[in-house]
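Engineer: With the sequence up front, the predicted model follows.
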Amino acid sequence: MSTLATLVADSADLTPVLQASGVQQYQTFLSRYAGELLVLVAEHIDIIAVSMLLAIPIGITLGVLITFNETAATVVLWLAGVAMTVPSIALFGLLIPVFGIGEPPVIVSLVVYSQLPLVRNTYVGLNGVDDAVTQAGRGLGMTQVERLRQIQVPMALPVIMTGLRNAVVIIIGVAAIGAFVGAGGLGDFIFQGIRERNVPMIVVTTVVLVLLTLAFDYLFAISEQLFRLRNGEQIDQARPTRALWKILS
Amino acid sequence: MSQHAIEFENVRKSYGDTLALDGISFSVEPGTTTVLVGPSGCGKTTTMKLVNRLEDPTDGTVKFEGQDVQEVDKIDLRRSIGYVIQDIGLFDHMTVAENVATVPRLLDWDEERIDERVDELLELMDLPPAQYREDYPRELSGGQRQRVGVARALAADPDVMLMDEPFGALDPITRDNLQDEFLEIQEQINTTILFVTHDIDEALKMGDKIAIYDVGEVVQYDTPENILENPATEFVEDFIGQNRGLKKLQVLEVGHIMSTDGRIVGQSWADVRSTGSVPAEVATDESGTPAHVAADQSTETALSKLVESDGSKLPVVENGSVVGTVSVDQINDASSEPKEIVYE
């Protein structure tokens, strides 16, 4: 498999494509590739969704478990932090011998990358629950599990939601690089665009990727606000939050 | 002979090298309010937490309804004891009704029974269910929140309630109102109450019995009247503070010092007023109508009414008839003379 640099060098003879006028190029690209672009968006969302479905239970469980032991908390949070510093390309490379190429190594990597925000926010959220509330729960005869399920987790949900939001934003970007090992998604067009010196392909795909990220970010921001309102916090509400809250309450 | 609701037998509690409780022993009678009072860090809250096993004693025995609490399952024990704390600790993500229903839900009551119980308690706490059931705690005032806290503690009809400075975070007026209401409620529910406060006035007002704490020790355990009459140590005297005479008037009921002879005693109060046969010495209020007190009101109230009027005697009225009279001299005697007051 060739590196990125040789890919760019190999495609040097495709320069004529770049000579057509700007707007026309974009029109040509969209008319030829719009359908394929949509498929790639769907693929991308699919990879993110599968990764998050795996990452959320793991991250929240870890976050809950480490509230019982401070040493475990330090170790787990440190490991999650270290995992995040490993470059994605290197991580894919390390996982290919185990999971082969295509989606599996990418999904596993995305799960790993989303652990720091998920675990940390779960841990911080649970510890941030007002002491009086957990004290009252204990005094009224709730078991530790009942306190977690009925009080701590619901009250920590907005903070956990923020973690989820951070995780999604991070992995949408990382998933694009996954195309390099054959996972598909919007990364496909970015790599193809680089190979073929197709600037409109790179630009449009990047814009779509950014819009996708912003859409997810906004969606999670709204749900975070809804959870905060549910917990009785006073916050500045975005317009959709206000509308949804009215419908829900 | 009734069984003690709670007994402390030579209980010691230490945290590492720090001794929090140094051998306390006393017992709480069913249906009474016992107040643990003392400066902060004296061990009063620790004592309370030993009852529902939020803490376990280092030494000695705590008994709940005759049974050593160490032999009872912690969770079952806590569900059978009401618990109210200063910070209330309402669950903000649940409605008022859901908060109150916490313990019944843990005990797996059926929904219909829970609903009825919630309505009954909200009614008792002066929070009409139709209006407040579905509210969230954030929509309530401090006083209302604490009422919900008390309702939540009473939900499974516990025999014993533990209240840790329940009114401590409220403004003085709300606190005073809630204290009065709570005294009334307690007469209806007949629950044994263990009440922690650092405020001696609250202790004198709420307590049938008061345990005064100095660092890790109970220095006096007695009725409010006897504590005011005979402070056991200098510490107790200091803790009660100034105006002991006035404080005595607050805890002493008119019925205990009134004189039961006199011309109008035994007559109906309505008759006395309407026939105009009110003796000249009877006190009147601002508008000139004859004043009176109830037998279970404090002598402080009686004194206030006497001072405001020019009469020298105040009729004591119970169930519509005059049962005695009280004068400034009698109040004066009661507050100054050491006298053992025996309660039934």
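Structural biologist: Everything's here; your move.
Engineer: in the chain, which residue is closest to the centre?
Structural biologist: Reading this off chain A. With distances taken as C-alpha atoms, centre = their mean, A:Val168 lies nearest the centre of chain A, 1.8 Å away.
Engineer: My question was about chain B, not that one.
Structural biologist: Chain B has B:Met206 as the residue nearest its centroid, 2.6 Å off, counting by C-alpha atoms, centre = their mean.
Engineer: check contacts around that one.
Structural biologist: By C-beta atoms under 8 Å, 6 or more residues apart in numbering or on different chains, the residues touching B:Met206 are B:33, B:35, B:179, B:182-183, B:195, B:197. In short, each C-beta sits where N, CA and C put it, glycine included.
Engineer: In strands, which of these appear?
Structural biologist: Judged by DSSP state E, the subset of these located in strands is B:33, B:35, B:195, B:197.
Engineer: Which positions in chain A make contact with chain B?
Structural biologist: For chain A, the residues in contact with chain B (C-beta under 8 Å from any C-beta of the partner chain) are A:130-143, A:146, A:150-151, A:154-155, A:230-232, A:234.
Engineer: Going through the residues you listed, which ones are buried?
Structural biologist: Listed as buried from these are A:133-142, A:146, A:150-151, A:154-155, A:230-232; burial here means 16 or more other C-beta atoms under 10 Å in any protein chain shown.
Engineer: in which helix or strand would I find the residue of chain B found nearest chain A?
Structural biologist: Residue nearest to chain A within chain B: B:Gly89 (2.9 Å; C-beta to the nearest C-beta). B:Gly89 is part of no helix or strand, with elements assigned from DSSP states H and E.
Engineer: Which positions in chain B make contact with chain A?
Structural biologist: Residues of chain B lying near chain A by C-beta under 8 Å from any C-beta: B:52, B:54, B:75-80, B:83, B:85, B:87-93, B:102-103, B:106, B:136-138, B:149, B:152-153, B:162.
Engineer: mind redoing it with 6 Å?
Structural biologist: B:75, B:78-79, B:83, B:87, B:89, B:91-93, B:102-103, B:136, B:138 (C-beta under 6 Å from any C-beta of the partner chain).
Engineer: Check which helices and strands the longest helix seen in chain B sits against.
Structural biologist: Longest helix in chain B by number of residues (criterion: DSSP state H): helix B:172-189. Of the remaining helices and strands, none touches helix B:172-189 by 3 or more C-beta pairs under 6 Å, 6 or more residues apart in numbering or on different chains; DSSP states H and E.
Engineer: contact partners of that helix?
Structural biologist: For helix B:172-189, contacts defined as C-beta atoms under 6 Å, 6 or more residues apart in numbering or on different chains pick out B:143, B:167, B:205.
Engineer: mind running it again at 10 Å?
Structural biologist: Outside helix B:172-189, the residues that touch it by C-beta atoms under 10 Å, 6 or more residues apart in numbering or on different chains are B:31-33, B:82, B:121, B:124-126, B:141-144, B:146-147, B:150-151, B:154, B:157-158, B:161, B:163, B:166-170, B:191-193, B:195, B:199, B:201-202, B:205-206, B:208.
Engineer: Kindly export it (C-alpha atoms) in PDB.
Structural biologist: The C-alpha coordinates for helix B:172-189 follow below in PDB (Å, rounded to 0.1, in the frame of the first residue of the first chain):
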ATOM      1  CA  PRO B 172     -36.700  33.100  60.900                       C
ATOM      2  CA  ILE B 173     -40.300  33.600  60.000                       C
ATOM      3  CA  THR B 174     -40.700  30.500  57.800                       C
ATOM      4  CA  ARG B 175     -38.800  28.600  60.500                       C
ATOM      5  CA  ASP B 176     -41.100  29.700  63.200                       C
ATOM      6  CA  ASN B 177     -44.200  28.800  61.200                       C
ATOM      7  CA  LEU B 178     -42.900  25.400  60.200                       C
ATOM      8  CA  GLN B 179     -42.000  24.700  63.900                       C
ATOM      9  CA  ASP B 180     -45.600  25.500  65.000                       C
ATOM     10  CA  GLU B 181     -47.100  23.500  62.100                       C
ATOM     11  CA  PHE B 182     -44.800  20.600  62.900                       C
ATOM     12  CA  LEU B 183     -45.800  20.600  66.500                       C
ATOM     13  CA  GLU B 184     -49.400  20.300  65.400                       C
ATOM     14  CA  ILE B 185     -48.700  17.600  62.800                       C
ATOM     15  CA  GLN B 186     -46.800  15.600  65.400                       C
ATOM     16  CA  GLU B 187     -49.900  15.500  67.600                       C
ATOM     17  CA  GLN B 188     -51.800  13.900  64.700                       C
ATOM     18  CA  ILE B 189     -49.100  11.400  63.600                       C
END
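Engineer: What's the mean pLDDT across that helix?
Structural biologist: For helix B:172-189, mean pLDDT rounds to 87.
Engineer: ok, now stretch B:47-64?
Structural biologist: The average pLDDT for stretch B:47-64 rounds to 94.
Engineer: Quick one: find the helix or strand in chain A with the lowest mean pLDDT.
Structural biologist: The helix or strand of chain A with the poorest confidence is helix A:4-10; it has a mean of 51 (mean pLDDT, DSSP states H and E).
Engineer: Can you name the next helix or strand after it?
Structural biologist: Next in sequence after helix A:4-10, counting helices and strands by DSSP H and E, comes helix A:22-65.
Engineer: what about the chain, any weak spots by pLDDT?
Structural biologist: By default, I'm working from chain A. A:1-21 (pLDDT under 70).
Engineer: oops, chain B please
Structural biologist: Along chain B, the model assigns pLDDT under 70 to residues B:1-2, B:275-281, B:285-288, B:336-344.
Engineer: Which segments of it make up each domain?
Structural biologist: What automatic domain parsing lists as the domains of chain B is B:6-251, B:254-336.
Engineer: Can you redo these as a markdown table, where the extra columns are distance to A:Arg120?
Structural biologist: Shown next, in a markdown table, are the domains of chain B (distance: least, C-beta to C-beta, whole Å):
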| stretch | distance to A:Arg120 |
| --- | --- |
| domain B:6-251 | 22 |
| domain B:254-336 | 58 |
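Engineer: and A:Ala80, which of these is closest to it?
Structural biologist: domain B:6-251 (27.7 Å; C-beta to C-beta).
Engineer: Can you name the residue of chain A nearest chain B?
Structural biologist: For chain A, C-beta to the nearest C-beta, closest residue to chain B: A:Ala136, 2.9 Å.
Engineer: For that residue, give me its contacts.
Structural biologist: A:Ala136 sits next to A:130, A:142, A:147, A:151, B:83-85, B:87-91, B:99, B:102, B:149, B:152-153 when contact means C-beta under 10 Å, 6+ apart.
Engineer: and what of B:Val316?
Structural biologist: By C-beta under 10 Å, 6+ apart, the contact set of B:Val316 is B:253-255, B:257-260, B:265, B:269, B:292-297, B:302, B:322-326.
Engineer: Kindly report the same for A:Ala55.
Structural biologist: Counting by C-beta under 10 Å, 6+ apart, A:Ala55 touches A:48, A:107, A:110-115, A:117-119, A:164, A:167-168, A:171.
Engineer: part of a helix, is B:Asp119?
Structural biologist: Yes - assigned with DSSP: H, G, I helix; E, B strand; the rest coil, B:Asp119 falls within a helix.
Engineer: wouldn't it be in contact with B:Pro128 here?
Structural biologist: Yes - between B:Asp119 and B:Pro128 there is a contact at 9.4 Å, judged by C-beta atoms under 10 Å.
Engineer: So between these two, which is more surrounded?
Structural biologist: For B:Asp119 versus B:Pro128, neighbours defined as other C-beta atoms under 10 Å in any protein chain shown are more numerous around B:Asp119 (16 against 11).
Engineer: Next one: the more buried one from B:Ala101, what distance?
Structural biologist: B:Asp119 is 11 Å from B:Ala101, where distance means C-beta to C-beta, to the nearest Å.
Engineer: now do B:Lys205
Structural biologist: Counting by C-beta to C-beta, the separation of B:Lys205 from B:Ala101 is 31 Å.
Engineer: now A:Val133
Structural biologist: From A:Val133 across to B:Ala101, the span is 16 Å (C-beta to C-beta).
Engineer: Buried only: go through the contacts of B:Val316 for me.
Structural biologist: Neighbour counting by 16+ other C-beta under 10 Å classes B:253-255, B:257-258, B:265, B:269, B:292-293, B:295, B:302, B:322-326 among the contacts of B:Val316 as buried.
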